[in-house]
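Peer 1: the amino acid sequence is not available; the structure is as follows:
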């Protein structure tokens, strides 16, 4: 069975500081991995995805993520956060072995302080 | 590009009342469609998905049902709401030219009192 663990429920970061959100997955083959962002009361917006190829993936809003098979991780990073990055972030895993259905982590809430 | 509409945006319903939430998609044809529920402080739970008109797969047995009467319309229903049905309901779609990636609508906030 596939699953995702986001170990950090809440992270507080200063504006301009770097951000890293952790994601660990469980999947029997090569996974399809996603990061989404959700602002309060809104739907989810896709930040980036990994299917294959280069393990460092660039996304929108200056985010990037690195797939590390040996660690079963897909951590999200941003070098310098902006106040508008305050939101909830979800990691998700899917793939052909489960009909491409996604399993989501519980999310990490990011607070940005001035 | 595709646009996903959901309505209503918010809904407050008494226990035991019926429910109908609608999701429509523009800008694509024959998309795979999904209904998720997001409870407070939790991740997303897949409720139903559909690969075509009239084709519904249920992931979690409960008092909700789904229907797909048209290619780009996906409806979530209940005959009698429970308190535990409260949550944020999200519709998602996969595009014909961008399979395996789900795009989400704005969501419906349902409160059952």
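Peer 2: Arrived safely. Model, not experiment: these values are computed from the prediction. Residues are numbered from 1 along each chain as shown, chains lettered A, B, ... in the order given.

Peer 1: contacting residues around the closest residue to residue A:113 other than its chain neighbours?
Peer 2: Sequence neighbours aside, residue A:14 is the residue nearest to residue A:113 in space, at 5.4 Å (criterion: CB to CB, 6 or more residues apart in numbering or on different chains). Glycine gets a C-beta too; all of them are placed from N, C-alpha and C. By CB atoms under 8 Å, 6 or more residues apart in numbering or on different chains, residue A:14 lies in contact with A:81, A:112-114.

Peer 1: assign residue B:81 to helix, strand or coil.
Peer 2: Look at residue B:81: counting by DSSP: H, G, I helix; E, B strand; the rest coil, its state is coil.

Peer 1: mind listing which of the contacts of residue A:14 are in strands?
Peer 2: Under the assignment DSSP state E, the contacts of residue A:14 contribute A:112-113 to strands.

Peer 1: and the contacts of residue A:14, which are buried?
Peer 2: A:81, A:112 (16 or more other CB atoms under 10 Å in any protein chain shown).

Peer 1: so which one among the contacts of residue A:14 has the lowest pLDDT?
Peer 2: Among those, residue A:114 carries the weakest pLDDT, at 90.

Peer 1: roughly how far does that residue sit from residue A:40?
Peer 2: 18 Å (CB to CB, to the nearest Å).

Peer 1: also residue B:18?
Peer 2: In terms of CB to CB, residue B:18 sits 28 Å off from residue A:40.

Peer 1: which bits of chain A sit near chain B?
Peer 2: A:4, A:32, A:34, A:36, A:41-46, A:49, A:51, A:90, A:92, A:94, A:100-102, A:104-107 (CB under 8 Å from any CB of the partner chain).

Peer 1: and if we set it to 7 Å?
Peer 2: A:32, A:42-44, A:46, A:49, A:90, A:100-102, A:104-107 (CB under 7 Å from any CB of the partner chain).

Peer 1: what about those residues, which are in strands?
Peer 2: A:32, A:44, A:46, A:49, A:90, A:104.

Peer 1: compare those and tell me which is most surrounded.
Peer 2: residue A:44 (28 neighbours; other CB atoms under 10 Å in any protein chain shown).

Peer 1: what sits opposite it in the beta ladder?
Peer 2: Beta bridges link residue A:44 to residue A:38, judged by DSSP bridges.
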